[in-house]
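Asker: give me coordinates for this.
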Amino acid sequence: MATNMRGLTQFIADIRGARVRELEEKRINKEMANIRKKFKDGNLDGYQKKKYVAKIIFTYILGYKVDVGHMEAVNLISSPKYSEKQIGYLAVTLLMHENSDLLRLVVNSIRKDLDENNEISNCLALHAIANVGSNEMAEALAEDVHRLLISPTSQNFVRKKAALTLLRMYRKHPDVIPAAEWALRIVAIMDDPDLGVVVSVTSLIMALAQDHPEAYAVCYQKAVDRLHRLVVDHEYSAQYAYYRVPTPWLQVKLFRLLQYYPPTEDPTLRSVICNVIQTVMNNSAETSRNVQHNNAQNAVLFEAIALAIHLDTNSNLVTNATVLLARFISSKETNVRYLGLDTMAHLAGRTDSLDPIKKHQGTIILSLRDKDISVRRRALDLLFSMCDVDNSEVIVGELLRYLKIADYALREEMVLKIAILTEKYASSYKWYVDTILELIAAAGDHVGEEVWYRVIQIVTNTEDLQAYAARVTLEYLKTPTAHESLVKVGGYILGEYGHLVANEPGSSPIEQFQILHTKSQFCLAATRALLLSTYIKWVNVFPEIKHHLLNVFDRYRHVLDVDLQQRACEYYALASRPEEDELLQNVCEEIPPFPPRESTLINRLNKKLGDTENKRTWIHGGKEVNLERELTQRLNKKALPAEPVLAATAGAADTSNEIMDSLAGLDLTSPSNDRPVATDQSSIFAQLSKPINPAAPRLTTGPNIDRWFEKLTYSADGVLYEDVQIQIGIKSRYQGHLGQLAIYMGNKVSVPLTSFTAMVHVSDPDALSASFAKLPPSTIAPRTQTQFLLQVECKKFFSTPPSISISFLAGAQQSVTLQLPVLITKFFEHVSLGAADFFERWKLIGGPPRESQLIFLIALAEEGGLDLQKYRQVIGGHRLNLLDGIDPNPNNLIGAGILHTSVDGKVGCLLRFEPNQEAKLCRITVRSTSEDVAMEVQKLISKTLTRPPP
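Answerer: Numbers count the residues shown, from 1 in each chain. Next up, the predicted model:
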């Protein structure tokens, strides 16, 4: 810049040559006056504007106030020359703030640069938006930035900057970004071949997924697939290997992203994740001599361990990780010790058993005296999380001893944590009082009001503790350096319960008064006001020291503090009333117990710690605290669904038992329909602790789609979907309660389908499970077909088929969501019955509610007769065994089958299909030991064979 503008070079040289500030200011004022004159005269070419604006920028950087050149900077942005445009953008980002009115003048220029097919102009515009993007600018340009990010013609470094610009805009103005609407298109970029683009867009997705987890749920599968390709398959270019560790920044972000979602129930995804984590741990087994390699490997390792803890604390991965963490917390390297302690605190906050961590309790306690304060802080967090009933006294004792020499930056947090642990794991009330009073005496100014408030609540509500608390508090007050917080506790407890120890040596009323009153001289007005309330209580219970107390009230009636003066006047008047007056006794009655309430200490601690940009997936304080936090988050996101209740009378239950006994030979068992209402807390937690299943997208509709799906309901193979780009076919086979679908995906175009994603949505995971045998490929080559297997299992009755969402890039983002032909009838198996056996069981099952019957219109064959072949094909396709020779009418069809479920066992089902050619009507009757099954089978078959009304 300086070599092209001699005037700027000379100006900088003059400034540097100024020996004193006065000479520097004189030179700057002279130059600013010249610039104002030039701008006022006008007729400046682009070079001159650039030179003068550059001088203004340099002056601003030196710290001088600048009030000229703003319009010229705006004009330079519109220049076609790069050097002038660069100076203009630099001036705008430095001289203007986001609320400046002049920014409105550059919005159109920035949009023009974003639309240009020039990556340099694109980047300059993106920098300006990221640095000074106001809410108005974000609203106007968000779509343009998003277009640059997803455009296949954008250069990779432009897309990286566009992703980070969107991240900056979202953090500043989240309401401007339609995050949910852009979800699929942004997530698709995670499959980009350029890992630099993937790193940038993953940073954006991490921010968006925290606020919109359901919309970005598809990123879970993308993250797992990318991790597998990086760690296991080694799919990365050499330029992204940092000291032989493949792109550690991306790995860390992907591991962290997976922790934002509940642990997956998909066995395939879980298996791939475990394989990736195990590979990372194996790669870290041996320590390298290269420090950079160790740093990169450890960064990935600790995040992988955090994910393993998030998935399942009882897994073998976490057991192996505990051994590694034990080695890390004893490491000579400060960073490794820090990360080891932090990860072990995460484990302590999630695990069911703290025994593996307690083995290293001595090492953790020694870390409190580490030379690095950040390590000491992590050791404090770990001790707080690993504390339980067995080791509470040891840990609290160590923390109290360390408190006296701890850094001032740690003391307030330590006080809160010691108070929480003491209350939570108190073995006796006396130990609690001793510990809290010792804490208040040692911590002094670092004791918040919440701490001594909580002591007062517990002492007031525990009658057996009151005398002991008064005795111990009095002993602490006898020390010459009792802190003001201790005086507050003493004033309250002695005022309420001092009479319980008044007959003990050293605790007489006058001694209590003298000890407390001598401390009041050094206290603030609020504390002295509390002590005046203590004295009026003593007037009632200690009449022998009434004259001392009246003297105090009289003296305080003349102080300048209004609150103290008012209290003293009122208390003096109250204490001066005749002894037989009962008003004093009524006013000074012992305070009643406090109503049960939650401790505010934990809330205060969490508020103090706060959250960073990337929200933590856990907090310090043990498993119970983390479970409670998760419950609160779930309750805030959605209301608890009501548990359906199906009532049955005693008579119906008896009938059911008789039918089951009679059908025992058929091995037909009926699932129980009686379910208890989930009213207790454990049932509520059981429902809330289930993983959040994102809502399935809206189904793709069309006449052909419905026809294809309907045919597959009674066929084992066929086309599920087809358009000009793709064809999706299905081949299925079922055995018992298990099934397997081979899904064939054909690419019909001459370009590859990239960022291919397939996700299965199940409305009721407790009734039906569906998972891919392995992760679907992310790319489908031109004019080729690929196959992936879907495993399904019927656990209970279900009526809603699963759906599959498929998205891919073929120039633009394409997505379809289709119902899969997985119906309850697919899990039927044939059963053979003779006529006598069939009608015997038909009668035993009986009529409603175990019978479902419907009369509907049917279509006749082309020659006008009954289409018996179609009827047999549909009923047989629903896996009911057609029994010939059962019904005397040869046109009537009889079917029988057994539904297999893994949880509710087997359910019998019998069917009669009676068509009437003359009336063009048909009566279908289905009887089953489960009324839900009978209704569903009737619906499925009649829907296929019903003729639409004319």
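Asker: tell me which stretches of the stretch 51-200 of the chain form helices.
Answerer: 70-77, 82-95, 107-115, 119-132, 135-150, 156-172, 183-188, 195-211 (DSSP state H, counting those that start in this stretch).
Asker: what residues are up against the closest residue in space to Asp372 that isn't next to it in sequence?
Answerer: Once flanking residues are discounted, Asp372 sits nearest to Thr334: 5.1 Å by C-beta to C-beta, 6 or more residues apart in numbering. Quick note: C-beta positions are derived from backbone N, CA and C, even for glycine. Thr334 is in contact with Asp370, Asp372, Val375, counting by C-beta atoms under 8 Å, 6 or more residues apart in numbering.
Asker: from the residues you listed, list just the buried residues.
Answerer: Asp370, Val375 (16 or more other C-beta atoms under 10 Å).
Asker: wait, isn't Thr422 in contact with Val396?
Answerer: Yes - if you go by C-beta atoms under 8 Å, Thr422 and Val396 touch, sitting 5.8 Å apart.
Asker: more crowded one of these two?
Answerer: Thr422 (27 against 23; other C-beta atoms under 10 Å).
Asker: assign a three-state SS to that one, would you?
Answerer: Following DSSP: H, G, I helix; E, B strand; the rest coil, Thr422 is assigned to helix.
Asker: for it, report the pLDDT, please.
Answerer: Looking at Thr422, its pLDDT stands at 89.
Asker: list the contacts for it?
Answerer: For Thr422, the contacting residues are Ser392, Val396, Tyr432, Thr435, Ile436, Leu439, by C-beta under 8 Å, 6+ apart.
Asker: same check on Phe302?
Answerer: By C-beta under 8 Å, 6+ apart, the contact set of Phe302 is Leu339, Gly340, Asp342, Thr343.
Asker: narrow these to those in helices?
Answerer: Judged by DSSP state H, the contacts of Phe302 include Leu339, Gly340, Asp342, Thr343 as members of helices.
Asker: farthest pair within those?
Answerer: Taking C-beta to C-beta, the two most distant members of those are Gly340 and Asp342; they sit 7.3 Å apart.
Asker: neighbour count for the two, which is higher?
Answerer: Gly340 (29 against 21).
Asker: excluding chain neighbours, what is closest to the more buried one?
Answerer: Phe328 (3.1 Å).
Asker: gap between the one you found and Ser367?
Answerer: Counting by C-beta to C-beta, to the nearest Å, the gap from Phe328 to Ser367 is 11 Å.
Asker: do the same with Ala223
Answerer: 33 Å.
Asker: for these two, indicate the residue with more neighbours.
Answerer: Ala223 (27 against 24).
Asker: in which helix or strand would I find the more buried one?
Answerer: Element membership of Ala223 [criterion: DSSP states H and E] is helix 218-227.
Asker: list the contacts for the residue nearest to Gly340?
Answerer: Phe328 touches Val336, Arg337, Leu339, Gly340, Thr343, counting by C-beta under 8 Å, 6+ apart.
Asker: what about burial for those, which qualify?
Answerer: Neighbour-count burial (16+ other C-beta under 10 Å) is assigned, among the contacts of Phe328, to Val336, Arg337, Leu339, Gly340, Thr343.
Asker: return the member of these nearest to Trp708.
Answerer: For those, the nearest to Trp708 is Thr343 (50.8 Å; C-beta to C-beta).
Asker: surely the closest one meets Leu325?
Answerer: Yes - between Thr343 and Leu325 there is a contact under C-beta under 8 Å: 5.9 Å.
Asker: quickly list what's touching both of the two.
Answerer: Contact with both Thr343 and Leu325 is made by residues Ile305, according to C-beta under 8 Å, 6+ apart.
Asker: I'd like the helices of the stretch 51-200 of the chain laid out as CSV, including mean neighbour count.
Answerer: Formatted as CSV, the helices of the stretch 51-200 of the chain follow (neighbours: other C-beta atoms under 10 Å):
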stretch, mean neighbour count
helix 70-77, 20
helix 82-95, 21
helix 107-115, 18
helix 119-132, 22
helix 135-150, 20
helix 156-172, 21
helix 183-188, 22
helix 195-211, 22
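Asker: now tabulate the ones you listed in CSV and tack on mean pLDDT.
Answerer: CSV is the format used below for the helices of the stretch 51-200 of the chain (pLDDT from 0 to 100):
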stretch, mean pLDDT
helix 70-77, 88
helix 82-95, 91
helix 107-115, 91
helix 119-132, 92
helix 135-150, 92
helix 156-172, 94
helix 183-188, 92
helix 195-211, 95
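Asker: mind checking which of the ones you listed is nearest Leu354?
Answerer: helix 195-211 (29.3 Å).
Asker: quick one: work out the angle between that closest one and helix 156-172.
Answerer: 20 degrees (axes from the mean of the first three to the mean of the last three C-alpha atoms, to 10 degrees).
Asker: which strands and helices lie in contact with helix 195-211?
Answerer: Applying 3 or more C-beta pairs under 8 Å, 6 or more residues apart in numbering; DSSP states H and E, one finds that helix 195-211 contacts helix 156-172, helix 183-188, helix 218-227, helix 248-259.
Asker: pull the distance from the following helix or strand past the third one to the chain's centre.
Answerer: Okay, so that is helix 218-227. Of the helices and strands lying after helix 218-227 in sequence (DSSP H and E), the nearest is strand 241-242. Distance, stretch centre to chain centre, for strand 241-242: 30 Å (C-alpha atoms, centre = their mean, to the nearest Å).
Asker: repeat for stretch 852-872
Answerer: Computed by C-alpha atoms, centre = their mean, the chain-centroid distance of stretch 852-872 equals 54 Å.
Asker: output the below-cut-off pLDDT ranges for the chain.
Answerer: Scanning the chain for pLDDT under 70 picks out 1-4, 580, 597-599, 602-616, 621-624, 626, 629-696, 949-950.
Asker: residue nearest the centroid of it?
Answerer: Nearest residue to the geometric centre of the chain (C-alpha atoms, centre = their mean): Tyr260, 4.6 Å.
Asker: need the phi and psi values for that residue.
Answerer: Main-chain torsions, Tyr260, degrees, to the nearest 10: phi -80, psi -10.
Asker: that one: what's its closest spatial neighbour, skipping adjacent residues?
Answerer: The shortest distance from Tyr260 to any residue other than its chain neighbours is 5.5 Å, reached at Ala209 (C-beta to C-beta, 6+ apart).
Asker: got it, and Ala716?
Answerer: Among residues not flanking Ala716 along the chain, Ser732 sits closest, at 5.4 Å (C-beta to C-beta, 6+ apart).
Asker: contacts for whichever strand or helix holds that neighbour, please.
Answerer: Per DSSP H and E, Ser732 falls inside strand 726-735. Contact with strand 726-735 is made by 712, 716-722, 739-748, 753, 806, 808, 818, 820-822, 826-827, 879, as judged by C-beta under 8 Å, 6+ apart.
Asker: and it, which residues are buried?
Answerer: Within strand 726-735, the residues that qualify as buried are Ile726, Gln727, Ile728, Gly729, Ile730, Ser732, Tyr734, counting by 16+ other C-beta under 10 Å.
Asker: and it, which strands flank it?
Answerer: strand 717-722 (antiparallel), strand 738-747 (antiparallel) (DSSP bridges).
Asker: can the ones you listed go into TSV with extra columns for mean neighbour count and distance to Arg927?
Answerer: What follows is the strands paired with strand 726-735, written out as TSV (neighbours: other C-beta atoms under 10 Å; distance: least, C-beta to C-beta, whole Å):
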stretch	mean neighbour count	distance to Arg927
strand 717-722	18	30
strand 738-747	19	25
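Asker: out of these, which gets nearest to Ala379?
Answerer: strand 738-747 (50.7 Å).
Asker: can you dump the C-alpha coordinates of the closest one into PDB?
Answerer: Taking Å, rounded to 0.1, in the frame of the first residue of the first chain, the C-alpha atoms of strand 738-747 are listed here in PDB:
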ATOM      1  CA  LEU A 738     -38.200 -59.600  12.200                       C
ATOM      2  CA  GLY A 739     -38.100 -58.200   8.700                       C
ATOM      3  CA  GLN A 740     -35.500 -56.900   6.200                       C
ATOM      4  CA  LEU A 741     -36.100 -54.400   3.400                       C
ATOM      5  CA  ALA A 742     -33.600 -54.100   0.500                       C
ATOM      6  CA  ILE A 743     -34.000 -50.500  -0.700                       C
ATOM      7  CA  TYR A 744     -32.600 -49.900  -4.200                       C
ATOM      8  CA  MET A 745     -31.700 -46.400  -5.100                       C
ATOM      9  CA  GLY A 746     -31.100 -45.700  -8.800                       C
ATOM     10  CA  ASN A 747     -29.500 -42.600 -10.200                       C
END
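Asker: perfect, I'm done here.
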